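J.: Here is a sequence with its predicted model. Questions after.
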Amino acid sequence: MKRFMSITLSTVLLAGALAACSPKDEKASTSSGNGKDSKIAISWFDGSWETPVPEPGNEAVKKVNEKFNVDFQPQYIPFDLYDDKLTVKMASGDIPDVVGTEGVDANYVKWSEQGAFLPLNDYVKKYETFKAIPQSVWDIVSVDGKKYGIPLYFPASGGKKPIIRKDWLDKLGLKMPTNYEELKEVAIAFATKDPDGNGKNDTVGLGLAKGMIYDPAFGAYWSSTWYHKNKDGQLIPGQISKGSKEKITFLNELYKAGALDKDWAVKPYNDVFKDFNAGKVGIWYEQPGKDKGSQPQNLDLATLRKTAPDAKIEAIPPFDAPDKSKGYVAGGGYYRIWMLSADLKDNPKKVEKILEMMDYMAKYVPADNQNPDNEHFDWAMGGSGKGYNMVDGAPQITEEFSKYAPAALFNQSEGSWAEGEKSMEDYAKQSKAPEAKEFNTKMVSMLSNSDFYVSPVGRIHSQVYDDKMPALAEFATNELTKMIVGQRPISEWNKFVDEYLGRGGNDVIKDVNKILKENKIKGEWVKAK
């Protein structure tokens, strides 16, 4: 799996990785679990993005041992190697007390069904952090109604959203687009009316990259999520919906008008970021996050303003859809999961100790309190002068962060379930560059006033979906790309849909809707607060 979150200091969190101890050693060290000097041995196997990867027995581990009176035995694997190592570990049958993963996949479901993990339904009710997890997220990590994993918080309203060169709008006398017709007018003008004033026809209206990254869906109605229904009342994949047809027609018109990069179908998305930062793209995508707006590999306003000093970036709010909806698709609302070994079934003391640690490390510390005076923050971050330093009133991690900070063992998270999306408001405070503060303030403001659609499909587990959807998604992407560039006429839309259904789409739709009905799960809108 690929990392899909930007780690920030907005929270001090969570859990580590440990070397598995032998059953004999484990039994000897945890037989009673009573008494002041008795230490519970906890083996933890997890991936890590820290550099260097935390080592067993380092200063951070010692802090955890002392605070929780445990024998914490971490084994961390770099995440680019972790999936293979995890598969081998699970196949060996020597399953550590805690196993981590980045998200729910086919292996997670298979191992849960095979009885590798401990159901946690009866335990999670005891901890405030876990009580705040929304049902939609519990659905994701549950199999047959059993909660097999503890998910870590990640802002559901995060993820890439459309941004626009507001200074180009102003220069050309255009308004912020509120629908696809207005967007088409703006994108074509950006590409043909010399918005950068260099006297050349060298700008792109709307950024698009191979694989149709990022999806130019200005609302759930046009997205690839399961939002629309067929004539039988079944939810269907977004790629074959009427909303998708409208979007593809729009993109085809932009391509014919020269508003898209002529080589977009083979262009990596990172190259579009470079073009945007060079002042050559008018509409692109970015997400809020610590120092977003000042990162060379992403949106970088400082670089953009070297060639365009007056550049202004605004977020584009979602469009009003034909069905009167207005809002974006919510993300899964979590990043990373921890599972406990089923072998702990008869060891409730150890289970409770593990969950106690997770619960404590999930405490949210607002940006204003992230300093040495906050005991929880200072401890979790390894101590001022060791795990972090205060720079201009904000904490900055040191090169030895993974050595000293318990937060490095527990893979820092993006806030807490109890506080929810409030953690995104910290991004502007935490960002060092003024361009990042500016971008985060504007983006979070737009997101805070937007509704979000929670797709039901991510909350169920369908083997048919897992088996057939990757090939279907690839087929749809290829055919829709052909339609955009004119290699296949949009008049063949119905034929394309029939081909999609015949390649297994019907089977996926039937199974997904069957499971949704059985579990009484429906798509829902979360209104802006």
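T.: Ah, there it is. Numbering: from 1, shown residues only.
J.: Report the beta-bridge partners for Val143.
T.: Beta-bridge partners for Val143, by DSSP bridges, are Lys146.
J.: List the contacts of it.
T.: Shown in contact with Val143 (Cβ atoms under 8 Å, 6 or more residues apart in numbering): 109, 112-113, 461. From N, CA and C alone the C-beta is placed, and that goes for glycine too.
J.: Buried subset of the residues you listed as a PyMOL selection?
T.: Restricted to buried positions by 16 or more other Cβ atoms under 10 Å, the PyMOL selection for the contacts of Val143 reads:
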select buried, resi 109+112+461
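J.: As JSON lines, the contacts of Val143 with distance to Thr225 would be great.
T.: Output for the contacts of Val143, formatted as JSON lines (distance: Cβ to Cβ, whole Å):
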{"residue": "Val109", "distance to Thr225": "20"}
{"residue": "Ser112", "distance to Thr225": "24"}
{"residue": "Glu113", "distance to Thr225": "26"}
{"residue": "His461", "distance to Thr225": "17"}
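J.: Take the contacts of Val143 and write them to JSON lines, including secondary structure.
T.: Converted to JSON lines, the contacts of Val143 look like this (DSSP: H, G, I helix; E, B strand; the rest coil):
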{"residue": "Val109", "secondary structure": "helix"}
{"residue": "Ser112", "secondary structure": "helix"}
{"residue": "Glu113", "secondary structure": "helix"}
{"residue": "His461", "secondary structure": "coil"}
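J.: ok, the contacts of Val143 vs Glu499, which is closest?
T.: Of all the contacts of Val143, Glu499 sits closest to His461, with 26.7 Å by Cβ to Cβ.
J.: ok, for the closest one, nearest residue in space, not its chain neighbours?
T.: In space, and not counting its chain neighbours, His461 is closest to Val109: 4.7 Å by Cβ to Cβ, 6 or more residues apart in numbering.
J.: Lys131 too?
T.: Spatial nearest neighbour of Lys131, chain neighbours left out: Lys125 (6.9 Å); criterion: Cβ to Cβ, 6+ apart.
J.: Select the helix or strand of this protein having the lowest average pLDDT value.
T.: The weakest-scoring helix or strand in the chain, judged by mean pLDDT, DSSP states H and E, is helix 23-30 (a mean of 38).
J.: Need the contact partners of whichever helix in the chain runs longest.
T.: Longest helix in the chain by number of residues (criterion: DSSP state H): helix 463-485. For helix 463-485, contacts defined as Cβ under 8 Å, 6+ apart pick out 106, 109, 211-212, 237, 239-240, 244, 248, 251-252, 255, 260, 265, 457, 488-490, 492-493, 496, 499-500, 503-505, 507-508, 510-512.
J.: and those residues, which are buried?
T.: Applying 16+ other Cβ under 10 Å to these flags 109, 211-212, 237, 239-240, 244, 248, 251-252, 255, 260, 265, 457, 488, 490, 493, 496, 500, 504-505, 507-508, 511-512 as buried.
J.: Show me the residues you listed that map onto helices.
T.: 109, 244, 248, 251-252, 255, 493, 496, 500, 507-508, 511-512.
J.: Greatest separation within those: which pair is it?
T.: Greatest spacing in those, by Cβ to Cβ: Val109 and Tyr255 (39.7 Å).
J.: so what's Phe496 up against?
T.: Going by Cβ under 8 Å, 6+ apart, Phe496 touches 240, 479-480, 483, 488.
J.: I'd like to know how far it sits from Pro322.
T.: Going from Phe496 to Pro322 by Cβ to Cβ, to the nearest Å gives 21 Å.
J.: Same check on Lys146?
T.: 40 Å.
J.: Spell out the secondary structure type for Gly233.
T.: Going by three-state DSSP, the secondary structure assigned to Gly233 is coil.
J.: That should have said Gly103, apologies.
T.: On the three-state scheme (three-state DSSP), Gly103 is labelled coil.
J.: list the buried ones in stretch 290-305?
T.: 290-295, 298-301, 303-304.
J.: Just those residues: which are in helices?
T.: Among these, DSSP H puts 301, 303-304 in helices.
J.: Show me which of the residues you listed is closest to Asn449.
T.: Of those, the one sitting nearest to Asn449 (Cβ to Cβ) turns out to be Leu301, at 22.3 Å.
J.: Which residues are in contact with that closest one?
T.: With contact set as Cβ under 8 Å, 6+ apart, Leu301 has these partners: 293-294, 311, 313, 435-436, 438-439.
J.: between the residues you listed, which is closest to Gly382?
T.: Taking Cβ to Cβ as the measure, Gly382 lies nearest Ala436 of the contacts of Leu301, at 24.2 Å.
J.: what number of residues lie near the closest one?
T.: 25 (other Cβ atoms under 10 Å).
J.: isn't it right next to Lys292, touching?
T.: Yes. Applying Cβ atoms under 8 Å, one finds Ala436 in contact with Lys292, separated by 6.0 Å.
J.: Tell me how many other residues crowd Lys350.
T.: Residues near Lys350, counting by other Cβ under 10 Å, number 21.
J.: Under the pLDDT cut-off, which ranges of the stretch 401-529 of the chain? List them.
T.: For the stretch 401-529 of the chain, the stretches flagged by pLDDT under 70 are 412-414.
J.: Kindly state the pLDDT recorded for the closest residue to Lys147 other than its chain neighbours?
T.: Nearest residue to Lys147, sequence neighbours excluded (Cβ to Cβ, 6+ apart): Leu120, at 4.7 Å. At Leu120 the predicted local confidence, pLDDT, stands at 97.
J.: who's in contact with Leu120?
T.: Per Cβ under 8 Å, 6+ apart, neighbours of Leu120: 147-150, 340, 351, 355.
J.: at 10 Å instead, please
T.: 130, 141-142, 146-150, 338-340, 351, 355 (Cβ atoms under 10 Å, 6 or more residues apart in numbering).
J.: Inside helices: which ones of those residues?
T.: Within the contacts of Leu120, residues falling in helices by DSSP H are 130, 141, 351, 355.
J.: Tell me if I'm right that Gln430 and Asp392 touch.
T.: No. Assessed by Cβ atoms under 10 Å, Gln430 is found out of contact with Asp392, at 11.2 Å.
J.: coming back round to it: what do Ala436 and Lys292 both touch?
T.: Counting by Cβ under 10 Å, 6+ apart, the contacts common to Ala436 and Lys292 are 299-301, 427-428.
J.: If we only consider the residues you listed, which is nearest to Ala60?
T.: Ala60 has its nearest neighbour among these in Tyr427, at 25.5 Å by Cβ to Cβ.
J.: Look up how far Asp378 lies from that closest one.
T.: Separation of Tyr427 from Asp378 (Cβ to Cβ): 22 Å.
J.: Neighbour count for these two, which is higher?
T.: The neighbour count for Tyr427 versus Asp378, taken as other Cβ under 10 Å, is higher for Tyr427 (29 against 20).
J.: what separates the one helix or strand that one maps to from the chain centre, distance-wise?
T.: Using DSSP states H and E, the element containing Tyr427 is helix 426-430. Relative to its parent chain, helix 426-430 has a centroid offset of 18 Å by Cα atoms, centre = their mean, to the nearest Å.
J.: ok, now stretch 483-495?
T.: Remark: stretch 483-495 is offset 32 Å from the chain centroid, using Cα atoms, centre = their mean.
J.: how about the CA coordinates for that stretch, as PDB?
T.: Output of stretch 483-495 as PDB, limited to C-alpha atoms (Å, rounded to 0.1, in the frame of the first residue of the first chain):
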ATOM      1  CA  MET A 483     -13.800   9.200 -25.200                       C
ATOM      2  CA  ILE A 484     -12.100  12.400 -23.800                       C
ATOM      3  CA  VAL A 485      -9.400  12.400 -26.600                       C
ATOM      4  CA  GLY A 486     -11.900  11.500 -29.300                       C
ATOM      5  CA  GLN A 487     -10.700   7.900 -30.000                       C
ATOM      6  CA  ARG A 488     -14.100   6.600 -29.000                       C
ATOM      7  CA  PRO A 489     -17.300   8.600 -29.600                       C
ATOM      8  CA  ILE A 490     -19.400   9.500 -26.600                       C
ATOM      9  CA  SER A 491     -22.400   8.400 -28.600                       C
ATOM     10  CA  GLU A 492     -21.200   4.800 -27.700                       C
ATOM     11  CA  TRP A 493     -21.800   5.500 -24.000                       C
ATOM     12  CA  ASN A 494     -24.600   2.900 -23.700                       C
ATOM     13  CA  LYS A 495     -22.400   0.300 -25.500                       C
END
